[in-house]
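> The following block contains a protein sequence and its predicted model.
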Amino acid sequence: KALQIYGMVLNDTKASQKGVILFQMAHLHEIGGDTAKAMTIYKNILKDKSGIFTTDMITRSRVSLADFYFQNSKYKDAKALYQAALKKAGVVQKGIILYRLAWCDYNLGNFKTAISALENLAAHKELLVTQASDGVVFDPVFQGDVLHDLITFYAQDAVTDARIAKFLSMVPETNKKEMTLTFAQETSRLGQKQAAAKIYRIYLQDKSLSKEENLNASLALVQTNYDEGQSKASVDAFAQTALNYQKNCSDETKCKDLQKQMRHFVTELHKLKMSKLDSDLLRAYDIYSQTFPQDVEMDILGAQVAVDMKQNAKANQFYATAADHAETPKLREMALVGEVEAAEQAANAELKEKAYNHYLSLMPQGPKSYEIRYQLAQLSYEKKQWSKAADQFRTLALEKTSQAELQKKSADLALDCLALEKRDADIESWSLEFAKAFPKNAGEFKGIYRTSINTQVVKVANNDKASVSEIKAAIEKSQSADLRG
């Protein structure tokens, strides 16, 4: 209706008022959605030589036409009009024009110019204003937009240490924490991982961070270093994240989510290093296992990595943790056997003894329990603990089991231990026990029995200080010996 009335009176209006009416009509067409008619009037205003338009109208027409070109991606045309408008004194909302001019340069590929323009705008608070009912006022939302877009601009050129410092110096204290995090996230998203890592470290120094913010940023730093290909740095950050998790994570739901992210990091690192396992990967598994020992699957994966790297002592540790937290007998048995095998591969007596005892403590009647007890006896034998080994082997030899071969070996080794300690009287009694326990080998054990008697008699006979009673006893022992067979 307003446009209709203006159209009716335009031709009858004095020349001094025509400019005002035409400019107002252009504005009404624009806000009414008839952009084509509005732009036609703005173009005519810029071409007019009659002098009916004020300098302010001409400048605002330029800006409106530039905005139209900007919105339609005609950045070169928009830039020329914005620059012309800025040359006029008293231009309204200069900050918005400078902001859009910077975006024109950005879209035209003039990144350094665009960055310089936004830095200049962000540094001058008097330009970051908007028109309000009570006049021109500072606009914190506009300031936030400028700073956020500056991050995007930086990423197209280079986020240097100097730019990081300059940017953070322009951010108001009230939202520095939030903007620093955004800076790190956007810089990482746009591919400048090294710079992003530096910004995350700056962010993590903020003492006002909540436990959750600290953990999330720590994990983001891990991922950023990983994406950059810095596996050592990423694992270093992962170690710090694990410490933070143990100290700070209290919300069960969020903790589970963080655990999933940490697990994902380790498995992704494993995929990356599948063809060439290294100490960084093993360390990542170790950190994860110490933080989440109940994740049996990851404990076993870590153990397998350690085995492949011939780090058998570390594999033993992973398997032991898995066995302690396994929920099924089958999984527990697998982990315990892995622990034993890794300890044996490590060729460490202390480690083997610990693994054997661990197996027996968790599965005293397990499928491998007899073999494990035999290995424990072997360890005692290797340590020259003859008496202990003899008792262990004797128990194994006389036990009812399907391990016939190990039973016979146990009997032989039990007698060897006694022989090494010169316990001939025990050899005499034990060999008779074994003769009964092993009918097929009875002749062999009875031979040992008779030899032990002869040995005892010879000792007495060769002893000049033997008493008459000792000699008589020796004669009786010799005469009573079972000579059958």
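Yes, it's here. Numbering: from 1, shown residues only.
> residues contacting L258?
215-216, 219, 245, 249 (CB atoms under 8 Å, 6 or more residues apart in numbering). C-beta coordinates here come from the backbone N, C-alpha and C atoms, glycine included.
> Show me what counts as buried in stretch 91-100.
Of all the residues in stretch 91-100, those buried under the rule 16 or more other CB atoms under 10 Å are 91, 93-100.
> contacting residues around that stretch?
56, 59-60, 63, 66-67, 70, 78, 82, 85-86, 117-118, 120-121, 124, 127-131, 142, 145-146, 149.
> ok now that stretch, how far from the chain's centre?
Counting by CA atoms, centre = their mean, to the nearest Å, stretch 91-100 is centred 45 Å from the centre of its parent chain.
> quick one: what helix or strand has the closest residue to V146 other than its chain neighbours in it?
With sequence-adjacent residues excluded and distances taken as CB to CB, 6 or more residues apart in numbering, V146 is closest to A122, at 5.0 Å. Assigned by DSSP states H and E, A122 falls within helix 111-123.
> Quick one: residues in contact with that helix.
Taking CB under 8 Å, 6+ apart as the rule, helix 111-123 contacts 95, 98-99, 101-103, 105-106, 127-128, 143, 146-147, 149-150, 153-154, 156-157, 163, 166, 170.
> Report the next helix or strand after that helix in sequence order.
strand 129-132.
> hmm, back to that, tell me the pLDDT of the residue nearest to V146.
pLDDT, A122: 92.
> which regions of this protein sit below the pLDDT cut-off?
Residues of the chain that meet the criterion pLDDT under 70 are absent altogether.
> can you give me the strands in it?
129-132, 135-138 (DSSP state E).
> I'd like to know which of the ones you listed is closest to A320.
Across the strands of the chain, A320 has its closest neighbour in strand 135-138 (63.2 Å, CB to CB).
> Counting by contacts, list what the closest one packs against.
Helices and strands touching strand 135-138, by 3 or more CB pairs under 8 Å, 6 or more residues apart in numbering; DSSP states H and E, are strand 129-132.
> What separation do you get for the residue lying farthest from the centre of the chain and S480?
Most distant from the centre of the chain: V468, at 82.1 Å, with distances by CA atoms, centre = their mean. For V468, the distance to S480 (CB to CB, to the nearest Å) stands at 18 Å.
> try L108
116 Å.
> ditto for Q403
With distances taken as CB to CB, Q403 is found 35 Å from S480.
> Those two: who's more crowded?
Using other CB atoms under 10 Å, the more surrounded residue of Q403 and S480 is Q403, with 14 against 9.
> List only buried entries from the contacts of helix 111-123.
Taking 16+ other CB under 10 Å as the criterion, what is buried in those is 95, 98-99, 101-103, 105-106, 127-128, 143, 146-147, 149-150, 153-154, 156, 163, 170.
> And for the closest residue to Q259 other than its chain neighbours, the neighbour number?
Leaving aside its chain neighbours, Q259 sits nearest to F292 (5.9 Å; criterion: CB to CB, 6+ apart). F292: 19 surrounding residues under other CB under 10 Å.
> Same question for K310.
K310 has 10 nearby residues by other CB under 10 Å.
> again with Y449
22.
> Give me the spatial nearest neighbour of it, chain neighbours excluded.
Using CB to CB, 6+ apart, the nearest residue to Y449 is S431, at 4.1 Å.
> The one you found and A313, how far apart?
41 Å.
> of the two, who's got more company?
Neighbours were counted for S431 and for A313 using other CB under 10 Å; S431 has more, 23 against 13.
> pretty sure that one contacts I448?
Yes. Contact criterion CB atoms under 8 Å: S431 and I448 qualify, at 4.3 Å.
> which residues do these two both contact?
What both S431 and I448 touch, as defined by CB under 8 Å, 6+ apart, is the set L415.
> So which of the strands of the chain has the densest surroundings on average?
Between these, strand 129-132 has the highest mean count of neighbours, a mean of 14, where neighbours are mean count of other CB atoms under 10 Å.
> Packing partners of it?
strand 135-138.
> partners of the strand it packs on, with directions?
strand 129-132 (antiparallel) (DSSP bridges).
> Run through who's touching the partner strand.
Contact partners of strand 129-132, identified using CB under 8 Å, 6+ apart, comprise 92-93, 95, 136-139, 142.
> Kindly recompute the last result at 7 Å.
93, 95, 136-139, 142 (CB atoms under 7 Å, 6 or more residues apart in numbering).
> what's the answer for stretch 402-410, then?
370-371, 374, 393, 396-397, 401, 438, 441.
> Widest-spaced pair of those residues?
Greatest spacing in the contacts of stretch 402-410, by CB to CB: E371 and N441 (20.9 Å).
> Pick out whichever of those two has more residues nearby.
Neighbour count, other CB under 10 Å: between E371 and N441, E371 has more, with 17 against 14.
> contacting residues around the more buried one?
Contacts of E371 (CB under 7 Å, 6+ apart): L406.
> measure S410 to A390 for me?
10 Å.
> go on, A15?
127 Å.
> In terms of packing, which of those two has more residues around it?
Applying other CB under 10 Å to A15 and A390 shows that A390 carries more neighbours, namely 26 against 9.
> which residues sit in contact with that one?
Contacts of A390 (CB under 7 Å, 6+ apart): 414, 417-418.
> Out of the residues you listed, which comes closest to K198?
Among the contacts of A390, and counting by CB to CB, the member closest to K198 is C417, at 66.2 Å.
> For the stretch 151-300 of the chain, just list every one of the helices.
Secondary structure of the stretch 151-300 of the chain (DSSP state H, counting those that start in this stretch): helices at 161-170, 176-189, 193-204, 211-227, 231-248, 252-272, 279-291, 296-308.
> Out of those helices, which gets nearest to Q385?
helix 296-308 (30.1 Å).
> Run through who's touching the closest one.
263, 266, 277, 281-282, 285-286, 288-289, 293, 314-315, 318-319, 321-322, 325-326, 331, 335, 338, 342.
> Next, count neighbours for K383.
Count around K383 with other CB under 10 Å applied: 12.
> phi, psi of it?
The phi and psi values for K383, taken as degrees, to the nearest 10, are phi -80, psi 0.
> measure it to V460 for me?
33 Å.
> Is it correct that S289 is in contact with F318?
Yes. Using CB atoms under 7 Å, S289 is in contact with F318, at 6.1 Å.
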